[in-house]
Structure formats: C-alpha cells, structure tokens
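>>> predicted coordinates and the sequence they were generated for:
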Amino acid sequence: MKRALLLLAAVVLAGCSSTTGSAAPKVTPAPAQTPASVSTAAAVQSAVAAAASANIETAKVTDTTDPITVWIDQARQPVVDGFKKKYPQYASLVTSTVVDRETFPAKDLLFNNTGSGWPDVVFAEPRLVGRVADAQHSFPLDLSTVVPADMLKQYAGADNCVFDGKVYCLRNDLAQMVTYYNAPLFTQFGYTVPKTFEDMQALSDQVAKDHPGYYLGTLGDGWTWLSFMEASGCPYAASKSSTTLMVNVADPTCTRAAQLIDHMVANKTLWNTDYFTASWVQIANNNKLLMLIAPIWAALGTFKGTYYCPCTGATTKTTPTITDKFLGVAAPLKWAADATAQTAAMGGSAWTISKHTKNQGLAVLFAEYATQDPDLWNGSSNFASWIPLQPVFNAVVANDPIFASDPSAVFDQAGTEISPVGDAWPRFDLIAPLTTVVKDMYSKKQTMVATLPEVTSALTPLAKAQGYTVVNK
Amino acid sequence: MTGQKATNNRARSRMSLRRYLGELGIVGYVIRLAILLVFAIYFVVPLVWLLFATTRDPSNLYSNWFPLTFGSLDRLATSWNNIIAYQNGEMLLWMGNSIRYTGLSLLGSLAICIPAGYILAIGHFPGRRVLLWLTLITMLLPVSAMVLPLFLELNLAHLIDTQWAVILPAMFFPFGVYLTYVYYGSSLPGELVDAARVDGCSELRVFWNLALPLGRPLLGLLAFISFNANWNNFFGPYVMLNNDKVYNMPVGLNSVVAATSALRPGFNPTPGATSFVQADAAMAALFMIVPVVIVFIFSMRYVTKGAFTGGVKG
C-alpha cells in the first residue's frame, strides 16, 4: 500500500514538472523511464516532501498583524504566489516588490538614515548579504537565534552566509561550475573530454589545428575570469578574516591560470564575451561550441532554449536541438599538480531577513518556505542548497533529453568542490572591477599575465573603502 | 493657373539647387550629403533596430545578415502581451504614474518658473542679482548632489514612496527660470510694459494680459523641455521610490532590465516564472519612447520657435 502511494506521488510530481512555465525543464514522458527509476524517483521525492514539510513547521508566527515586505526579482514571483497559496491565512500580510537587488546596500544606508523603510525579507546573493552585514549597514538578523541548528546544518554551502560567526542568510541554491561539452561533436572529431587544465590546453592546440572556428570556452567578464582563477585556487580576493583580505595575484596559481587563458586566446579557442552576449549565443547556435565551463543552472536555463533550440522561434539548420542528447557534463577540471579539483560558483542566491522586521516569525517562515518547499522546487533548473531537495533536481536531470548521459553525480560532486575563495566573498562587488580588467586586456592587446597586476590595483582601494586591511600573504 | 504656379516653383527649386551646387561644387555637395547621411544612419539605425527587435526571437535577433529586418507578428504580439501582463499589469500602472507625475510636475514647474523668470527680467528689487546667481548655480548642480538632502527632507515630511516624492522636487526648475529671464529680458520691450502701466494695468495684469500671450513660444519650449526631463526622470524616483506600485516608467524599465531574464537568459530562474527575452525589453523601451515622440510632433512648432529665444535683441 505504501509503495503504491509513493508511486502515485511520483506520477503526480512528474506531471507537475512537465506543466510548469517555459523556464522549467521537460521531463521525459513516463514510457521512456523504467519502472524502477520511476519508483526510485517517487520514493526520493516523497521522502523529501515529508522531511521538508516537517521542517517548515518550525517557524513560529506569533504576530499575525504586522505585514512584511519581500524584495525579489521577477523570477521569484512564483515563490510569493506559492507562499500565499500555501498559507492563505498570511496572504494579506505579504507584499512583494520587484527590485534591482544591486541597489540593496545603498538603499539600506538610506533607510538607516531615516530609521524606516527596510524590507523584511530580501532575495540576494551572499556577496550582497555580506555587504549589508557590516556595522554601517547593520541589516541582517542573525538566523542562528531563530532557525534550529539541525535545520541550518541541512543547507549546503551555508558557510557563505556566515559572517563573523553569525548566520545572516538561508542559501537558496548552489551554482557550482562544471564542464559542459558537445557530446556528438566530441565523438565526431574523436576528442577525449579533458580531465585536467593541462588536457584542456592540449585539446585547444588540437582544435586550433584541426577544427579552427570551434571554441572551448569564453572569457569576457568577471564571472568567466573567475571560472579559470577560482578553479586554480588563485587568492585574488581571499577573506582571511572579517577585517583582512588577501589580494595576491602574483601567486603561481594565478599565473598558471593566466597563462592558460593567454594560450587559448592566442590559438583562438577562447571567445571574448560573457555567456549571454549575442555573438557567443550565435556560436552555440551554429554548433561551434565544443566545451564550456559554466554554472550548474546553465544546463537547463541557458543551454536549453538559448544555446540549444528550439528557442522560441526560428533556428538555423545546424543549431543543436534540446532533445538530441547533445549536452555532456563532466566534472570540474583540476590542475595536474593539485590533489583535488576546485570550482567557481556563479550566483547561488540566498534569502536574508531584516533585523528591523516587526514580524520575525512570518519572515522566517517565508524564507524557510522559499528554500525548502518541494512543490516550489519541483522542476527547478537550480540546484537547491537544502540538501533533502537535491534528489528532486537529480531526478529531473536524470531523465532530461538534453543530456548525453545522467549528469546528477557530476553535479553533486561539483557541489562539494566549490572553491574556498569563491565561497567567501568580501564585502564589495568583485564582478564590475574584474570585468574592467578583462576588457582592458583585450583593448590594450595585452596578455592576461601582463594584466594581472591590474587586479590588485582595482580591488585594493575597494577593499580599503570597506575597512579591510589588504595583505598579499 | 495652378499648373503655372507649380511650374514656377519647380523652376525656382532647380535654380536654387543649381546656385547651391555652384556655391559648393559637386564634390562639396557629395561630401556634405555623405556626412549628413552618416549622421542620419548613426542616429536613426538604433531606433529602427529597436522597432524591429520587438518582432524578433532571441534566436534570430542577431543572426540575420541584415539586422533591420522584420521578424514576425506573432513575436510582436507575444512581446506586447508579456509586457502588458508583467507583474499583473504593472507596466500600464507605471505608464499611468508617469503621465500623472509628468503632468503635475510640468504644470507646477511652469506655474513657478514663468512668473519667477518674468519678475527677474523686468523687476528691479534688492537681491535680484543674488537670486539670478543662485538660479544659475542651482541650474549647474548635478542631480546626484541633491538627492540625499532631498531624500532626508522628504522623509521628514513622510513623503517617501509617494507621488509627491517625485513631483515636488521636479517642480523646482531653475533652467526654466533662467530661460524665461533671458526671453523676457531680451524680447519684451520695456516701453511696452511701461505703456501698460501708464494705461492703469496692475503688475499682475501686465503679466497675465501682455507678457504671457507674448511668451507663447517660450511656454511651448519650456513645456516640452520640462515634459522631456520629467518623463525621463530616473535618478530621483530611483532613490525616492521603493514600492514598485509607485514606480514611474524609467524606474520600472530599469527593474524590467535588472530583475528579469530579458537580458540575462536563464540566470537563476524559477519554475512558473514568465521567461522574458530581449524583444520584451525592446517593447518596454518603446513604451517609454513613443509618448516623447508624440509630444514632440505636436509641440515642434513651439520648440523650434522658442529655440531662437534671446537670439536677437529687439
């Protein structure tokens, strides 16, 4: 009886995932799955639903009259709608505002000046939470005082939310980078998927010689720069404490990554933009993208529907299609000299709660719902930080026709290999200055090795402005 | 008779073209034409591209060899629907807010700056020069320098997140005061004002019955400049407004670009969320541009006439 109920739950959940919005991945119809895989998925999802629901009940809403304001981006609107549906008794108390969250630290300072106006819950990356956690901003509530410790332990990557020993946010998702490759092209050209960055460099020479015009990656902004540097363990901005930041781009780990970049720029296997620029998308649409180090959400959020079509309209004849099992996923590359791989993370957001909120219980309940609710997360292209939800994501990708093979084990493993440098951002924005450094390299026609000192000169004043002592050891 | 007139006109145009070519020479003419063409392309192509962008899918937005091609009516309809439905119709709400904020700011700024500029131009009273200097200095102050004190002041009056946080600061229009001062100072003969006074007009009546009708081109020009400034007002509202229900169009457009997938496909999506693409952002941009174009077309006569204000001293 119990097995039958689990099977029924699996069918219902699979049905839900196939009817979600355009951003949701398509799950392969039931006939393509074996009965065993269906029942496994059902068991996992049902267990997750039960566990997550039980944990959500821990938030105590004692004040039922004070409203809360939630700052979100447009993509988080279903979270607010879902919460109101699940908790109709609180629906009238929750107001959402779509904001440009990069303004969050500046607006917080304004509210501090006026003594009012703070939002109660904010969807933001831990790097932004870090920026509002200092004494000047003094925004977030220490969640270790309101969320049980055993619940906090179930958030992967929770270290990102800890500042000076205080838990200032609940992680929403992890965005570890993995190695994506075009499986049919690798087979056609007889290439082997690289395991190390040295392999990648050798492959780039081979591609440049035998298949010019095909690309193994792109470097055009701060994020793509991090995909190389953090994977090498480069201490370009490593927080040693809340007051000390190490900026040391002269470290050999930085130099080797820069040399690889220079090598691939020179042999024209590295494109020169970010992941979303039209020219790069066109390369992918023209089936010239051989390999790319990119975050986990790119699989279902960018390869599917942007790089690989049908997008939302006409496509070229050569564009890979999302049902053709084009997308191979390999583990993050490591350097031969290193014992283990490290990988950068792009994104991976969180929910933070204001210490000024007048309805702490409702704010905490909202954040717990947003990060733990299995119905909300079913079909998501994000890799949940809430560990019990991760099998839900894995069950979805295991059967997605875009993948050449089941990538879930690679995704899981990569989640444990996020670079400690990328896992602890300083209290200021890194992406804008690093993007300037990358663009300078191209505009001045320099090498990355020659441009690396610019990183120090770009980051040092920003760090000092935030009260850091900058060291190079 | 009409035919004869047309023939005469054609002959006159041929003669003026010949005289024109004679002055420039054929090479000079071609060079001038080429320069004008380059500037026309430089300014017009982005706008035309924006128009076509609303009709094209992300997959073919950049891929066609000729970028100025029409996509499909279906895509246009989808862009329209996505933008109209954005956050339960917030785009229309922002459009309404923008019209209200702009209208009230425009009326308020004209009501303040025309009398102020007029009295500075024709009046002689202690402190006039100081006032003029202050007007000039405030005209040159960057908006960003004023935002924090304004924010604190409006917060004190509990006006943050209300329409007045946008409208009241926008009524302060020192450029309008200065332009009015220049206009009346150079175009309104003092003898005319004296004659009206001798005839028994009060100062208010001189302003209302004499200065204001004579300043009609100035009024049109100021109205257009004020409309344009208020319609595109971004930084002030960006700081003063935190609730998306009271956003104006520029702040709303910024949130569409910054907080949706329009320009960052696939970045951290959620199941069930509407997926926005570049065509939707282009449609939102058109929502902002079209009203300015319409207002410009209707006020063009005043704008060009008023633009020569103060050029010739009468």
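Nice, I can see it.
>>> any weak-confidence spans in the stretch 351-473 of chain A?
For the stretch 351-473 of chain A, the stretches flagged by pLDDT under 70 are A:422-424.
>>> chain B contacts on that one?
A:L376, A:W377, A:N378, A:G379, A:S380, A:S381, A:N382 (CB under 8 Å from any CB of the partner chain). Heads up, the C-betas are built off the backbone N, CA and C, glycines and all.
>>> give me the residue from the stretch 1-150 of chain B nearest chain A.
B:D57 (3.0 Å; CB to the nearest CB).
>>> circling back to that earlier point, farthest pair in the residues of the stretch 351-473 of chain A next to chain B?
Pairwise distances across those peak at 13.2 Å for A:L376 and A:S381 (criterion: CB to CB).
>>> what about residue 298, how many residues nearby?
I went with chain A, as the question did not name one. A:A298 has 26 neighbouring residues, counting by other CB atoms under 10 Å in any protein chain shown.
>>> please go with chain B instead
Neighbours of B:F298 (other CB under 10 Å): 12.
>>> show me what the helix or strand containing it is packed up against.
Per DSSP states H and E: B:F298 is located in helix B:278-307. Counting contacts by 3 or more CB pairs under 8 Å, 6 or more residues apart in numbering or on different chains; DSSP states H and E, helix B:278-307 packs against helix B:2-53, helix B:73-85, helix B:90-122, helix B:216-231, helix B:249-259.
>>> re the thing from before, between A:L376 and A:S381, who's got more neighbours?
Neighbours per residue (other CB under 10 Å) separate A:L376 from A:S381, with A:S381 holding more: 26 against 23.
>>> which of the three states applies to that one?
Under DSSP: H, G, I helix; E, B strand; the rest coil, A:S381 falls in the coil class.
>>> for it, which non-adjacent residue is spatially closest?
What sits nearest to A:S381 in space, not counting adjacent residues and going by CB to CB, 6 or more residues apart in numbering or on different chains, is A:L300, at 3.4 Å.
>>> and that neighbour, that's in a helix?
Yes. A:L300: assigned to a helix according to three-state DSSP.
>>> pLDDT weak spots in the chain?
The chain I'm using is chain A. Using pLDDT under 70, chain A drops low at A:1-59, A:63, A:310-318, A:422-424.
>>> I was after chain B.
Applying pLDDT under 70 to chain B flags residues B:1-18, B:20-24, B:59, B:62-65, B:264-274, B:305-314.
>>> nearest to the spatial middle of it, which residue is it?
The centroid of chain B falls nearest to B:N228 when counting by CA atoms, centre = their mean (1.9 Å).
>>> how about the nearest residue to it, chain neighbours excluded?
B:V292 (6.3 Å).
>>> isn't that neighbour up against B:W231?
Yes. Between B:V292 and B:W231 there is a contact at 5.9 Å, judged by CB atoms under 8 Å.
>>> which one of those two has more residues nearby?
B:W231 (21 against 14).
>>> so how many other residues sit close to the residue nearest to the more buried one when sequence neighbours are not counted?
Closest residue in space to B:W231, ignoring its immediate chain neighbours: B:T102 at 5.0 Å, by CB to CB, 6+ apart. Neighbours of B:T102 under the rule other CB under 10 Å: 25.
>>> so who does B:T102 touch?
Contact analysis of B:T102 by CB atoms under 8 Å, 6 or more residues apart in numbering or on different chains lists B:F227, B:N230, B:W231.
>>> could you measure from it over to B:S226?
For B:T102, the distance to B:S226 equals 8 Å [CB to CB, to the nearest Å].
>>> quick check, the residue in the stretch 101-250 of chain B closest to chain A?
Chain A sits closest to B:N155 of the stretch 101-250 of chain B, with a gap of 4.2 Å, by CB to the nearest CB.
>>> distance check, that residue against A:L376.
36 Å.
>>> same question for B:L50.
As defined by CB to CB, B:L50 lies at a distance of 36 Å from A:L376.
>>> number of nearby residues for the closest residue to B:L131 other than its chain neighbours?
Among residues not flanking B:L131 along the chain, B:L120 sits closest, at 6.4 Å (CB to CB, 6+ apart). B:L120: 21 surrounding residues under other CB under 10 Å.
>>> the helix holding B:F298 vs helix B:216-231, what angle?
If you take axes from the mean of the first three to the mean of the last three CA atoms, to 10 degrees, helix B:278-307 sits at 160 degrees to helix B:216-231.
>>> give me the buried positions along helix B:278-307.
Of the residues in helix B:278-307, B:278-288, B:291, B:295, B:299, B:302-303, B:306 count as buried by neighbour count, 16 or more other CB atoms under 10 Å in any protein chain shown.
>>> same question, stretch A:207-215
A:V207, A:A208, A:H211, A:Y214, A:Y215.
>>> wait, the first one touches A:Y214, no?
Spelled out, that is A:V207. Yes. Using CB under 8 Å, A:V207 and A:Y214 qualify as a contacting pair, with a distance of 5.4 Å.
>>> tell me, what's touching those two both at once?
Shared contacts of A:V207 and A:Y214, counting by CB under 8 Å, 6+ apart, come down to A:T269, A:L290.
>>> around chain A, which positions in the stretch 1-150 of chain B sit nearby?
Checking the stretch 1-150 of chain B against chain A by CB under 8 Å from any CB, the hits are B:56-63, B:71-72, B:75, B:78, B:86-87, B:90, B:148.
>>> give me the nearest residue to B:S109, chain neighbours excluded.
The shortest distance from B:S109 to any non-neighbouring residue, by CB to CB, 6+ apart, is to B:F173 (3.9 Å).
>>> and for the one you found, the neighbour number?
Neighbour tally, B:F173, other CB under 10 Å: 28.
>>> just give me the neighbour total for the residue nearest to A:I387 when sequence neighbours are not counted.
Counting by CB to CB, 6+ apart, A:Q154 is the residue found nearest to A:I387 once chain neighbours are left out, at 5.0 Å. Per other CB under 10 Å, the neighbour tally for A:Q154 reads 18.
>>> now A:Q154. Its backbone dihedrals?
phi -90, psi 0 (degrees, to the nearest 10).
>>> so which residue is dead centre in chain A?
With distances taken as CA atoms, centre = their mean, A:A175 lies nearest the centre of chain A, 2.2 Å away.
>>> was I right about that one contacting A:G348?
Yes. Contact criterion CB under 8 Å: A:A175 and A:G348 qualify, at 3.7 Å.
>>> what's around B:L212, how many residues?
Neighbourhood size, B:L212 [other CB under 10 Å]: 15.
>>> where does it fall, secondary structure wise?
Here B:L212 is assigned to helix B:212-214, by DSSP H and E.
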